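# 3D model of this:
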Amino acid sequence: MIRRGRSTANGRSSVSIEDVAADAGVSIATVSRVINNPSLVAAETTERVQNAIRRLGYVPNPFAQGLITRASRVLGIALPDIHGEFYSELLRGADAEARRLDYHLLVSSEHLRNASESPRRNLAFGLVDGLALMITEPNETLAREASSLSIPIVLMDDASCGPTTDCVLVDNTPGTAEAVTHLLDAVAGRRLYFIGGPKENFDTRRRAEVFRSRLASTGIAVRDEQVRFGEYSVEWGREWARTRGREGLTGCGVLAGNDEIALGVLQAVMDLGLSVPGDTRIVGFDDTRLASLVRPTLSTVRVPLAEVGAAAIRLLVSRIEDGKRPAEKIVLPSSLVVRQSSGGA
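Below you'll find the predicted structure:
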């Protein structure tokens with residue numbers, strides 16, 4: 001008698017590999033070979049097993065397959081955080097590319113890890129075939145832990161990316177320079193400010209360097225107060241702007257380290273009864289969905305976040321499939337998107 005599955009906890013019928021074997025009149029090992037390595041099975045037998053799979057609606061368990069093939073077809077992606085539009089967009093690109101390449105994606109966040117918890121445990125390293133890892137600050141605990149493993153690794157956004165490691169980087173220079181030049185068209189250089197995220201953050205440091213050098217190239221002696229560091233948050237942008245007050249914000253331009261900081265500045269400026277861009281011109285960074293939803297719409301430097309995630313997954317799968325190929329570095333450009341907050345239409 002052929003079994004037709006069992007009832008699972010959610011009430012759905014579950015079809016097992018044993019059911020397929022019984023229906024096709026073959027052994028479980030033969031069904032496994034048809035699924036994982038059909039070239040080893042006679043064509044007639046393969047067809048009979050595949051017909052049984054279709055007829056019963058059997059879906060192979062990827063983890064069970066992994067025990068046989070020694071490949072789980074699961075990729076890991078480890079990020080500093082998963083909150084906010086920045087990480088949401090990056091994950092969207094990574095997940096879409098993983099699905100296109102027939103892989104599953106396991107997501108982990110350092111933000112949620114307990115200080116006493118090993119990154120090795122948090123990332124479930126034993127389940128993944130490879131790891132895409134974002135390092136944004138010179139704290140290399142996670143990077144060292146990951147590099148000690150015998151699995152392929154791709155780094156994202158790591159300024160220390162070496163010649164033997166696959167990397168996906170964003171070139172902050174062109175977008176930052178465009179933003180400064182754009183603001184200088186309407187604002188005096190001495191009234192221009194960069195309000196960044198954490199000082200240790202690789203992206204914030206690079207953007208601050210370009211901001212300083214671009215102003216210096218126009219003959220502006222940049223004062224310390226023109227470059228400030230804090231958090232990638234609305235609260236930090238609001239706090240900085242409120243501290244400046246109406247007089248300090250009137251006639252100035254702000255390049256924010258991300259769109260959330262820019263939104264905080266925009267809110268504080270308007271709360272003080274000033275107008276954007278009439279009194280204060282603002283440019284954010286990243287071009288998250290937030291930029292086009294707020295009013296006035298936010299000028300921002302576009303970082304191709306979805307492309308970063310997708311490129312990291314492509315590199316990772318390429319490394320899994322060919323572990324001996326030379327390391328590759330993909331550099332994606334940033335560019336200015338002008339909207340209402342800095343005087344655009």
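# what residues sit buried inside stretch 20-33?
20, 21, 22, 23, 24, 26, 30, 31, 32, 33 (16 or more other C-beta atoms under 10 Å). (Each C-beta comes from the backbone N, C-alpha and C, glycine too.)
# can you pull out the strands in this protein?
Using DSSP state E, the strands of the chain run over 6-7, 13-14, 74-79, 104-109, 130-134, 153-156, 166-171, 192-196, 227-229, 252-256, 280-286, 299-302, 329-333, 335-337.
# who wins for proximity to residue 181 among these?
Comparing those by their distance to residue 181 (C-beta to C-beta), the top pick is strand 335-337, with 8.5 Å.
# and the closest one, which strands flank it?
strand 299-302 (antiparallel) (DSSP bridges).
# report the distance from the strand it pairs with to the chain centre.
Here strand 299-302 shows a centroid-to-chain-centroid distance of 17 Å under the convention C-alpha atoms, centre = their mean, to the nearest Å.
# re the thing from before, out of the buried residues of stretch 20-33, which are inside helices?
20, 21, 22, 23, 24, 30, 31, 32, 33 (DSSP state H).
# the first one and residue 48 touch, don't they?
Meaning residue 20. No: taking contacts as C-beta atoms under 8 Å, residue 20 lies outside contact range of residue 48: 10.2 Å.
# common neighbours of these two, please.
Common contact partners of residue 20 and residue 48 (C-beta atoms under 8 Å, 6 or more residues apart in numbering): none.
# hang on, residue 261 packs against residue 284?
Yes: if you go by C-beta under 8 Å, residue 261 and residue 284 touch, sitting 7.2 Å apart.
# where in the stretch 201-345 of the chain is pLDDT low?
In the prediction, the stretch 201-345 of the chain carries no residues with pLDDT under 70.
# in it, which spans are helices?
202-217, 234-249, 259-271, 290-293, 305-321 (DSSP state H, counting those that start in this stretch).
# and the spatially closest residue to residue 156 that is not a sequence neighbour, what does it touch?
Once flanking residues are discounted, residue 156 sits nearest to residue 134: 4.3 Å by C-beta to C-beta, 6 or more residues apart in numbering. When contacts are counted by C-beta under 8 Å, 6+ apart, residue 134 touches 77, 78, 79, 80, 155, 156, 157, 158.
# from these, pick the one nearest residue 243.
For the contacts of residue 134, the closest approach to residue 243 (C-beta to C-beta) belongs to residue 80, at 26.9 Å.
# alright, that wraps it up for me.
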